[in-house]
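*Asks:* got a sequence here, can you model it:
(4 chains)
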Number of protein chains: 2
Amino acid sequence: MRVGELSSLSGVPTPTIKYYLREGLLPPGERTSRNQAHYDDRHLRRLRLIRALLDVGGLSVAVARDVIAALDSPDTGTHKVLGAAQQTVIRTAAYCDDDAREDATAEVLDLVRRQGWKVTADSPSVAATAEVLGALRQLGLHEFVDRLDDYARAADAIAATDLDLVRRRPDADGMAEAVILGNILGDALLVALRRLAQVHHSAELFTDDRAPQADPHG
Amino acid sequence: MRVGELSSLSGVPTPTIKYYLREGLLPPGERTSRNQAHYDDRHLRRLRLIRALLDVGGLSVAVARDVIAALDSPDTGTHKVLGAAQQTVIRTAAYCDDDAREDATAEVLDLVRRQGWKVTADSPSVAATAEVLGALRQLGLHEFVDRLDDYARAADAIAATDLDLVRRRPDADGMAEAVILGNILGDALLVALRRLAQVHHSAELFTDDRAPQADPHG
DNA sequence: CACTTCCGATAGTGGGACTATCTATCATGG
DNA sequence: CCATGATAGATAGTCCCACTATCGGAAGTG
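*Replies:* Residues are numbered from 1 along each chain as shown, chains lettered A, B, ... in the order given. Below you'll find the predicted structure:
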């Protein structure tokens, strides 16, 4: 197909497709002449991936490019792809200072040990977790930090399900995309589910020991 | 204190503080004359909250203003504040089409019933969850949707911990801020913990049935 | 052969989050 | 008491990002 058809099938305007081509998010089509190129359904799938990363995952174009590049690297083993997915954590700008970060890193490594997780100290996830932990500390949310293990247990259950899904999936063509998407959409899903469950627990808590409010948030 | 001191204590440049004042993120200081105003540590706390919402939570200034407005509303009961925290879910732009969304909404309500959650159908969390679910479906990640209950269970455990923290906290001055921050930083924390746990499970899985790779993602 | 579509390049747009400047005050220390 | 410097408020400018518009030349299409 040509770019016009790709545009109408995907719902992405032609100039935007050109922009993604320029930015290296979308691989170029197969050239048939000086000003003609053919695209196939791989381009369509890729385009959908891009939109999901940008719209639902909230990634920037630059980060999306990096994620996609990892996806396209020759050795796309599952483990490697999961490594690429790690990149998608980055939404915590540097917030806490260096001392706090260092303390927090030690604390995360402690947590890792307690949970029996096999993770090396220099993993980017450790840094990401430490960053958030530092922010929590610095803002005085100590109770939160005290319940870190509770949250870690939940995260462990989630990751177990994640990996179970990966394990069951045959190493098909779209597997790498599925892993990335599962992580990014999975994050959004978990946030939504958490709010949902909060509404329930909130209603439960406050209809017991406070004035019964009929309105569970709308 | 005056704005200069507020700036140096918070690390936020003076023009930016003025900008936040203009945008209604920060309440005006107590005027002492035509061109002088005094700020106190409430302003400092608020400023820290703002930066956390923007930097760590990734909220836009507009959304942050809404959240803060809810925080400042006269009846700042815990349940109400949690309602405001719901606002912070919004990062999933409209991605799936209307039909998919409708189906997904029904599916979410089913889930709510299965989990025994007390949530009304018109809660914003339901819509948010449905949006993500629709996106997952539309992208062909059906296995993911099939494990929805697993994720919901984890979310329930998380929310239970969340509410337990709220319950234990005396209704102090900073409680509302803590709830909001706990949600927003908590999201970031859980994403980070999930990645951390994934690294572990990934290592575990692939050192068993594949070529042993020494490198758990860096 | 008229007409549409395409490619590639370049330039422009609009929104968001600041950032700079300017004027008219006011504060303060010598 | 006055020079120096900070401040409030207003307005305008900047920078980045994600597009979007236009254009020239070339190729497909009925």
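*Asks:* neighbours of residue A:26, just the number please.
*Replies:* 24 (other C-beta atoms under 10 Å in any protein chain shown). In short, each C-beta sits where N, CA and C put it, glycine included.
*Asks:* over to residue A:112?
*Replies:* Counted with other C-beta under 10 Å, residue A:112 comes out at 23.
*Asks:* off-centre distance for the helix ranked longest in chain A?
*Replies:* Criterion DSSP state H: the longest helix present in chain A is helix A:175-209. Its chain's C-alpha centre and that of helix A:175-209 lie 14 Å apart, by C-alpha atoms, centre = their mean, to the nearest Å.
*Asks:* please determine whether it lies in contact with chain B.
*Replies:* Yes - applying C-beta under 8 Å from any C-beta of the partner chain, one finds helix A:175-209 touching chain B at A:178, A:181-183, A:185-206.
*Asks:* ok, of those residues, which come out buried?
*Replies:* Among the residues of helix A:175-209 next to chain B, those classed as buried by 16 or more other C-beta atoms under 10 Å in any protein chain shown are A:178, A:181-183, A:185-203, A:205-206.
*Asks:* so residue A:32, which state does it fall into?
*Replies:* The three-state assignment at residue A:32 reads strand, by DSSP: H, G, I helix; E, B strand; the rest coil.
*Asks:* next one: the helix or strand where residue A:6 lies to chain centre, how far?
*Replies:* Per DSSP states H and E, residue A:6 falls inside helix A:3-10. With C-alpha atoms, centre = their mean as the basis, helix A:3-10 stands 27 Å off its chain's centre.
*Asks:* enumerate the residues of chain A near DNA strand D.
*Replies:* A:13, A:15-16, A:18-19, A:32-36, A:54, A:60-62 (C-beta under 7 Å from any atom of the strand).
*Asks:* ranking those by neighbours, who comes first?
*Replies:* residue A:54 (18 neighbours).
*Asks:* thinking that residue is in contact with residue A:64, fair?
*Replies:* Yes - at 6.1 Å, residue A:54 counts as touching residue A:64 under the criterion of C-beta atoms under 8 Å.
*Asks:* ok so, going back, now the longest helix of chain A against helix B:175-209, angle please.
*Replies:* 140 degrees (axes from the mean of the first three to the mean of the last three C-alpha atoms, to 10 degrees).
*Asks:* can you name the next helix or strand after the one helix or strand in chain A whose mean pLDDT sits lowest?
*Replies:* Least confident helix or strand, chain A: helix A:78-86 with a mean of 66, by mean pLDDT, DSSP states H and E. Sequence order places helix A:98-115 as the next helix or strand after helix A:78-86, per DSSP H and E.
*Asks:* send over that next one as CSV, restricted to the C-alpha atoms.
*Replies:* Provided in CSV are the C-alpha atoms of helix A:98-115 (Å, rounded to 0.1, in the frame of the first residue of the first chain):
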residue,chain,number,x,y,z
ASP,A,98,22.1,13.0,46.1
ASP,A,99,22.3,12.0,49.7
ALA,A,100,18.6,11.0,49.8
ARG,A,101,19.1,9.0,46.6
GLU,A,102,22.1,7.2,48.0
ASP,A,103,20.2,6.3,51.2
ALA,A,104,17.2,5.2,49.2
THR,A,105,19.3,3.0,46.9
ALA,A,106,20.6,1.2,50.0
GLU,A,107,17.1,0.8,51.1
VAL,A,108,16.0,-0.6,47.8
LEU,A,109,18.8,-3.1,47.8
ASP,A,110,17.7,-4.2,51.3
LEU,A,111,14.2,-4.6,50.0
VAL,A,112,15.5,-6.7,47.1
ARG,A,113,17.3,-8.9,49.5
ARG,A,114,14.3,-9.3,51.8
GLN,A,115,12.1,-10.2,48.8
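*Asks:* which other helices and strands contact the helix or strand following the helix holding residue A:6?
*Replies:* Following helix A:3-10 in sequence order, the next helix or strand is helix A:14-23 (DSSP H and E). In terms of contacts (3 or more C-beta pairs under 8 Å, 6 or more residues apart in numbering or on different chains; DSSP states H and E), helix A:14-23 is packed against helix A:3-10, helix A:41-51.
*Asks:* name the residues that touch the longest one?
*Replies:* So the one you mean is helix A:41-51. With C-beta atoms under 8 Å, 6 or more residues apart in numbering or on different chains as the test, helix A:41-51 has contacts from A:6, A:9-10, A:12, A:17, A:20, A:25-27, A:29, A:64, A:68, A:174, A:177, A:180-181, B:95, B:139.
*Asks:* do that again at 7 Å, thanks
*Replies:* Outside helix A:41-51, the residues that touch it by C-beta atoms under 7 Å, 6 or more residues apart in numbering or on different chains are A:6, A:9-10, A:12, A:20, A:25-26, A:29, A:64, A:174, A:177, A:181, B:139.
*Asks:* which residues are in contact with residue A:105?
*Replies:* A:126, A:130.
*Asks:* measure it to residue B:145 for me?
*Replies:* 36 Å (C-beta to C-beta, to the nearest Å).
*Asks:* cool, and residue A:156?
*Replies:* 22 Å.
*Asks:* who's more crowded, the two?
*Replies:* residue A:156 (21 against 15).
*Asks:* quick one: residue A:165 and residue B:146 touch, right?
*Replies:* No - taking contacts as C-beta atoms under 7 Å, residue A:165 lies outside contact range of residue B:146: 8.8 Å.
*Asks:* any weak-confidence spans in chain A?
*Replies:* A:74-94, A:170-174, A:207-218 (pLDDT under 70).
*Asks:* middle-most residue in it, spatially?
*Replies:* Note on chain A: the residue nearest the mean C-alpha position is residue A:184, at 2.9 Å, using C-alpha atoms, centre = their mean.
*Asks:* once you drop chain neighbours, what's closest to that residue?
*Replies:* Spatial nearest neighbour of residue A:184, excluding adjacent residues (C-beta to C-beta, 6 or more residues apart in numbering or on different chains): residue A:57 at 3.7 Å.
*Asks:* so the one you found makes contact with residue A:186?
*Replies:* No - Residue A:57 is not in contact with residue A:186 according to C-beta under 7 Å; the separation is 9.9 Å.
*Asks:* for DNA strand C, give me its nearest residue in chain A.
*Replies:* When scored by C-beta to the nearest atom of the strand, chain A has residue A:4 as its residue closest to DNA strand C, at 2.6 Å.
*Asks:* burial check on that residue, number of neighbours?
*Replies:* Neighbours of residue A:4 using other C-beta under 10 Å come to 10.
*Asks:* and if you look at residue A:157?
*Replies:* Neighbours of residue A:157 (other C-beta under 10 Å): 18.
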